[in-house]
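Undergrad: this one's sequence-less:
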C-alpha cells in the first residue's frame, strides 16, 4: 500500500481528538516547565501624564521599578534571575533597560529625545529560575503600584501576559 492509499487517522478529527491534543499540549508545557524551572511574566502599561514627567525622573523610576521587581522575585523564592527587561517608548524614542541582580544598577540605554514625557508605553518582561509564573506575576504586581506612586507616575495596565491558554498556545 502506498502512502496515498493509506487513510491517515490524523485527517479524521473529532472532539475526543481535540481533548487529547489539549491534554498533550498541557503535558508538553508541564514537562517544559519541569525541565527549565523558569517562571515567566510580561506586562504592558500605558502612561498618561498631562502635567509631564521629567526624563531624569523617568530614568530613576525605571531603575527603582526594575530593582524592586528583581529583589521581590528573589525574596519570593527565585534563585536566579534570567533577566528583567523593560522598554519605555513614545514618539520621541525609547529607553531600554535590563537587570539580572538587584544589588547592581539597572543597565539603561537611553534613546529618548525628550526632556519631558507626557505619554508613553512601558513593557516589562521577567524570566527567573526557581519560581513559577504565578509567583513571578505576584512578585511584580506586589511592587508595581507603590513604585509608580512613589514617582507620581499615572499608569494603566493594558495587558497582563499571565494566561495558561496563551502559554500553551505559545508552545504549539
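TA: Right, received. Where do you want to start? Quantities reported herein were computed from a predicted structural model and do not represent experimental measurements.
Undergrad: hey, which strand is longest across the protein?
TA: Scanning the chain for the strand with the most residues, using DSSP state E, yields strand 38-54.
Undergrad: Mind listing the strands it pairs with, and their directions?
TA: Using DSSP bridges, the strands paired with strand 38-54 are strand 116-129 (antiparallel), strand 155-160 (antiparallel).
Undergrad: Of all the ones you listed, which one is nearest residue 87?
TA: strand 116-129 (4.7 Å; C-beta to C-beta). C-beta coordinates here come from the backbone N, C-alpha and C atoms, glycine included.
Undergrad: Going by neighbour count, which residues in the closest one are buried?
TA: For strand 116-129, burial by neighbour count (16 or more other C-beta atoms under 10 Å) applies to 117, 120, 122, 123, 124, 125, 126, 127, 128.
Undergrad: Please apply the same query to stretch 128-139.
TA: Buried residues in stretch 128-139, counted by 16+ other C-beta under 10 Å: 128, 130, 131, 133, 135, 136, 137, 139.
Undergrad: Which two among those residues are spaced furthest apart?
TA: Farthest-apart pair in the buried residues of stretch 128-139 is 130 and 137; separation 14.7 Å (C-beta to C-beta).
Undergrad: Sweet, I'm off.
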